[in-house]
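Enquirer: Sequence unavailable; structure follows:
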């Protein structure tokens with residue numbers, strides 16, 4: 001009976017409207033009140049949710065309910081494919097379709113033989129030889145399942161599966177790092193051929209629910225700013241925000257450059273700017289912005305190598321500023337780590353002026369020593385670890401990793417977030433995280449790389465007038481694209497720029 005109720009409620013959410021979601025919440029509140037069988041801690045949580053929603057404005061509640069519907073429907077697509085039509089997509093395709101169909105759709109890599117097994121480190125890494133070369137629908141960083149496939153009868157349903165992450169994929173080989181070591185080597189010796197298929201996690205959707213809820217708990221001015229009801233503050237001219245790497249500063253400080261070139265805390269802007277010639281006025285505009293700043297960068301404009309790096313450099317000079325640098329993909333985070341290393345004069349990845357949040361499974365080898373868990377192991381006690389966290393002013397992470405570490409924000413206050421690949425990030429993935437910062441800068445290009453959504457236009461389109469009136473028109477839009485559109489329409493030109 002309980003399972004049936006769960007299915008019925010999920011059906012109401014994904015096929016209903018915002019009123020349907022509102023009705024389900026109100027039903028939950030009524031059923032909790034006066035129910036003596038429920039534990040008190042559960043009742044306290046439900047009462048807190050009811051109190052928070054009662055304090056929300058009509059627009060805020062409509063926004064909250066509409067995106068709950070969007071996330072729920074997206075999760076259904078991810079699990080079972082197209083909701084209206086039977087299609088070989090989603091997790092259910094592993095048992096609802098034939099292996100030949102998935103292979104034809106390039107969603108399987110098979111006829112793999114083991115080249116090498118390396119479990120000398122913390123993780124187990126296996127390099128497979130690909131006997132069948134060609135295009136496949138996989139990329140580095142994808143989570144996957146690996147299982148023996150010696151004949152047509154071997155499937156994901158009747159063999160032992162292993163879970164891991166693709167760390168490298170080439171025409172003739174593929175390398176997978178597994179979540180757990182396997183001590184029984186006979187399992188690998190007894191199975192000459194293997195297959196790789198896609199895996200998925202519900203955690204990303206759960207985090208979207210959590211960040212959406214976190215958003216409605218934010219202060220009213222913050223919610224109005226992020227919804228586009230109120231505009232970003234107009235910056236005042238401030239000499240303190242003058243770019244230190246400007247031409248005049250370079251001329252007046254040539255001796256300082258020579259004296260500090262070997263100091264790990266010194267950033268050599270002069271050598272860097274002489275080489276790359278980027279527009280310092282845009283950096284200054286971004287630094288001076290009060291609430292947020294949006295940088296639209298087409299391909300080849302140096303969004304990461306120049307602008308993200310220069311913003312990190314400038315903010316690091318302000319000794320009271322803690323910086324969180326975020327990107328959507330692990331590859332982009334690796335590039336940001338490279339940029340930070342270059343900013344401090346390191347080319348070998350040995351820079352120690354930052355901490356990275358994430359897993360060794362998805363981190364480049366040269367940056368693993370700066371992972372939070374590895375830095376923590378160097379601390380002799382809790383107090384020294386707390387001191388390390390306090391002193392480190394640059395933190396780098398994927399969006400998924402930082403949203404999975406909410407406790408970090410109770411230990412450290414971050415002043416500014418620099419978000420690369422922002423055009424790939426859906427609103428509910430990040431909108432609850434942004435209130436943790438005094439200011440954020442987003443860098444992206446929605447015309448080049450936009451969000452990836454399973455739902456079609458009709459399903460994701462927003463029809464609620466109180467949302468469309470403030471420019472919230474499609475759940476598939478990134479927050480970056482929606483704020484940019486709002487800034488343009490409202491002539492908030494001090495909060496965005498277009499790179500050339």
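Expert: Cool, got the structure. The structure displayed is predicted, hence computed values, not measured ones.

Enquirer: Give me the distance between the residue nearest the centre of the chain and residue 426.
Expert: Computing the C-alpha centroid of the chain and ranking residues by CA atoms, centre = their mean puts residue 399 first, at 2.4 Å. Using CB to CB, to the nearest Å, one obtains 10 Å as the distance from residue 399 to residue 426. (C-beta placed from N, C-alpha, C; glycine too.)

Enquirer: for residue 90, same thing?
Expert: From residue 90 over to residue 426 the distance is 18 Å, taken as CB to CB.

Enquirer: Residue 189 now?
Expert: From residue 189 over to residue 426 (counting by CB to CB), the distance is 44 Å.

Enquirer: Which one's more surrounded, these two?
Expert: Here residue 189 and residue 426 are compared on neighbour count by other CB atoms under 10 Å; more neighbours surround residue 426, at 23 against 10.

Enquirer: need the strands for the protein, in chain order.
Expert: With DSSP state E, the ranges of strands along the chain come out as 108-118, 124-130, 143-148, 162-169, 173-178, 194-198, 292-296, 323-327, 355-357, 394-398, 416-419, 439-444, 496-498.

Enquirer: Nearest to residue 384 among these would be which one?
Expert: Set against residue 384 and scored by CB to CB, those come closest in strand 355-357, at 14.2 Å.

Enquirer: So for stretch 164-176, what gets flagged as buried?
Expert: 164-167, 169, 173-176 (16 or more other CB atoms under 10 Å).

Enquirer: how far out from the middle of the chain is that stretch?
Expert: 22 Å (CA atoms, centre = their mean, to the nearest Å).

Enquirer: outside of that stretch, which residues touch it?
Expert: Around stretch 164-176, the neighbours that count as contacts under CB atoms under 8 Å, 6 or more residues apart in numbering are 109, 112, 115, 125-130, 133, 136, 138-144, 146, 177-179, 196, 361-362.

Enquirer: What subset of the residues you listed is buried?
Expert: By 16+ other CB under 10 Å, these give 109, 112, 125-128, 130, 136, 138, 140-144, 146, 177-178, 196, 361-362 as buried.

Enquirer: Low-confidence bits of the protein, can you list those?
Expert: Scanning the chain for pLDDT under 70 picks out 82-89, 237-279, 300-305.

Enquirer: What is the longest helix of it by residue count?
Expert: helix 58-80 (DSSP state H).

Enquirer: residues of that one that come out buried?
Expert: 59-78, 80.

Enquirer: got it, and stretch 448-455?
Expert: Applying 16+ other CB under 10 Å to stretch 448-455 flags 449-451, 453-455 as buried.

Enquirer: How far does it sit from its chain's centre?
Expert: Mean C-alpha position of stretch 448-455 versus that of the full chain (CA atoms, centre = their mean) differs by 14 Å.

Enquirer: and the end-to-end length of it?
Expert: The separation between the terminal residues of stretch 448-455, taken as CA to CA, to the nearest Å, is 20 Å.

Enquirer: any residues touching that stretch, and which ones?
Expert: When contacts are defined by CB under 8 Å, 6+ apart, stretch 448-455 is touched by residues 70, 73-74, 77-78, 298-299, 421, 423-426, 460, 475-478, 481.

Enquirer: okay, now the closest residue to residue 435 other than its chain neighbours: neighbour count?
Expert: Leaving aside its sequence neighbours, residue 435 sits nearest to residue 218 (CB to CB, 6 or more residues apart in numbering; 4.0 Å). Applying the criterion other CB under 10 Å, we find 18 residues in the vicinity of residue 218.

Enquirer: which residues does residue 218 contact?
Expert: With the criterion set at CB under 8 Å, 6+ apart, residue 218 makes contact with 226, 432, 435.

Enquirer: out of the residues you listed, which one sits closest to residue 442?
Expert: residue 226 (11.9 Å).

Enquirer: Test my guess that the closest one contacts residue 434.
Expert: Yes. Here residue 226 reaches residue 434: they are 6.3 Å apart, a contact under CB atoms under 8 Å.

Enquirer: Which one's more surrounded, the two?
Expert: residue 226 (24 against 21).

Enquirer: can you pull the contacts of the more buried one?
Expert: If you count contacts by CB under 8 Å, 6+ apart, then residue 226 has 215, 218, 431, 434-435, 479, 483 around it.

Enquirer: Let's have those residues in JSON lines, adding distance to residue 469.
Expert: Conversion of those to JSON lines gives the following (distance: CB to CB, whole Å):
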{"residue": "215", "distance to residue 469": "19"}
{"residue": "218", "distance to residue 469": "21"}
{"residue": "431", "distance to residue 469": "19"}
{"residue": "434", "distance to residue 469": "22"}
{"residue": "435", "distance to residue 469": "23"}
{"residue": "479", "distance to residue 469": "18"}
{"residue": "483", "distance to residue 469": "16"}
